[in-house]
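*Asks:* Need the 3D shape of this:
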Amino acid sequence: MRADAPDNALETLFLPFADGRLSWPAQGGALFLRARDGWPLHAQPRPGLVCEQSFKPEVEALQRSGLSLDGDDGAHRYPLVLVLPPRQRDEARALLARAIARTAPGGRVVACLSNDEGARSGEADLAKLAGPVGQLSKNKCRVFWTAPLDGPADAELAAQWRNLDAVRPILGGRFLSRPGVFAWDRIDPASALLAAHLPADLSGRAADLGAGYGYLAAELLARCPGIVALDLYEAEARALDLARANLAAERLPAAAAQVAIDYHWHDVTAGLGQRYDVIVSNPPFHGQGRAERPDIGRRFIEVAAQALNPGGRLWLVANRHLPYEGALDAGFGSVRTVAQQGGFKIVEAIRHAAPARPAAAARTRSGRA
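*Replies:* Below is the predicted model of the structure:
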């Protein structure tokens with residue numbers, strides 16, 4: 001979400017507190033799952049508010065605002081649990097079940113979704129777990145909340161839903177994944193197309209920007225024996241944990257297992273602190289909502305150009321309609337479209353080589369060149 005864009009779901013989440021339908025707990029604080037920063041968190045005192053978030057840009061925004069982040073083992077229970085459920089339904093159901101588990105006796109769960117991201121379904125799911133809920137609609141969103149709870153109304157269903165986003169093998173056991181991660185149960189076709197076109201002569205220190213659960217990085221190691229080190233950058237901690245498991249030495253071919261691999265929970269748009277010979281990327285073009293964000297992909301390209309050594313190579317896949325050509329031309333000395341297929345384009349961009357050292361144009365006083 002752009003910093004200057006309204007966060008309608010966040011605003012609507014706090015509407016029942018603003019109009020007096022619900023009260024902020026006098027003691028015990030509140031837990032905010034999938035928290036995002038914004039003015040509703042600061043419009044009035046929120047004593048005891050603790051936030052949980054796994055998406056690095058949102059974590060950094062919460063930290064800049066001085067908000068506390070959840071660091072306990074999940075055992076502490078709160079009189080109020082706030083939730084902004086994600087779009088993926090299995091992940092959302094697991095989060096609602098966990099919200100109830102984190103609610104102290106007599107406490108409430110309050111959740112909000114935009115109408116176009118499953119508000120009606122989210123409300124129905126919370127009612128299945130907790131019994132009848134109250135609700136308000138505004139800003140094309142719906143906020144809904146439980147009555148005071150003493151555990152779930154359907155304990156068996158809550159137990160089932162808690163496991164809906166568990167880590168599991170996919171693709172015949174080749175990878176581990178979980179619901180909510182990008183292309184969680186398949187190989188993304190754009191990444192597969194990029195992998196198929198990676199040339200075997202890519203070599204040196206490499207980085208994968210927006211690595212997801214690790215598919216593209218694994219393919220780079222398998223196809224390019226000249227790679228000697230590989231850094232994975234991913235903003236979603238849930239995905240990076242999977243990548244770490246999927247690229248464990250015992251899951252890689254013997255030669256690839258010797259490559260030095262490092263993992264960075266990092267917002268790529270903030271820039272990189274290291275230099276590389278090769279960068280591969282299937283950059284995101286959405287934030288945490290549905291709206292297209294080609295500015296994110298353009299920023300990935302700018303960061304790649306800054307991080308590559310002279311002569312370094314970027315291999316990129318993107319939807320054909322995304323306007324990345326200006327950023328590519330501005331940052332690279334050579335840009336070529338390698339393939340266009342299935343609505344995607346594969347681009348190789350080579351950073352400007354270091355300028356040649358000029359020959360001496362004048363003699364020294366001794367007459368020597």
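
*Asks:* quick one: low-confidence parts of the stretch 51-200 of the chain?
*Replies:* 72 (pLDDT under 70).

*Asks:* same check, this time on the stretch 201-350 of the chain
*Replies:* Ranges of the stretch 201-350 of the chain meeting pLDDT under 70: 286-291.

*Asks:* For it, which segments count as helices?
*Replies:* Counting by DSSP state H, counting those that start in this stretch, the stretch 201-350 of the chain has helices at residues 215-223, 237-246, 294-307, 325-331.

*Asks:* Measure how far the first one is from the centre of its chain, please.
*Replies:* In this case it means helix 215-223. Offset of helix 215-223 from its chain centre (Cα atoms, centre = their mean, to the nearest Å): 20 Å.

*Asks:* That helix versus helix 237-246: what angle between them?
*Replies:* With axes from the mean of the first three to the mean of the last three Cα atoms, to 10 degrees defining the directions, helix 215-223 sits at 20 degrees from helix 237-246.

*Asks:* buried sites along helix 215-223?
*Replies:* 215-221, 223 (16 or more other Cβ atoms under 10 Å). (Each C-beta comes from the backbone N, C-alpha and C, glycine too.)

*Asks:* Also the longest one?
*Replies:* Counting neighbours by 16+ other Cβ under 10 Å, one finds that the buried residues in helix 294-307 are 294, 296-305, 307.

*Asks:* Same list, the helices of the stretch 201-350 of the chain, but as TSV with distance to Ala270 please.
*Replies:* As requested, the helices of the stretch 201-350 of the chain are exported to TSV (distance: least, Cβ to Cβ, whole Å):
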stretch	distance to Ala270
helix 215-223	20
helix 237-246	16
helix 294-307	8
helix 325-331	17
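
*Asks:* Just the endpoints, please. Distance across stretch 52-61?
*Replies:* 12 Å (Cα to Cα, to the nearest Å).

*Asks:* which parts of that stretch are buried?
*Replies:* Those would be 52-59, 61, for stretch 52-61 by 16+ other Cβ under 10 Å.

*Asks:* residue contacts, Pro57?
*Replies:* 235, 267, 269 (Cβ atoms under 8 Å, 6 or more residues apart in numbering).

*Asks:* ditto for Leu129
*Replies:* 96-97, 100, 152-154, 157-158, 161.

*Asks:* change it to 6 Å
*Replies:* By Cβ atoms under 6 Å, 6 or more residues apart in numbering, the contact list for Leu129 reads 100, 152, 158.

*Asks:* any idea which element it lies in?
*Replies:* Per DSSP states H and E, Leu129 falls inside helix 119-130.

*Asks:* cool, Asp90 as well?
*Replies:* Using DSSP H and E, Asp90 falls in helix 89-101.

*Asks:* Look up how far Trp315 lies from Leu10.
*Replies:* Using Cβ to Cβ, to the nearest Å, Leu10 is found at 37 Å from Trp315.
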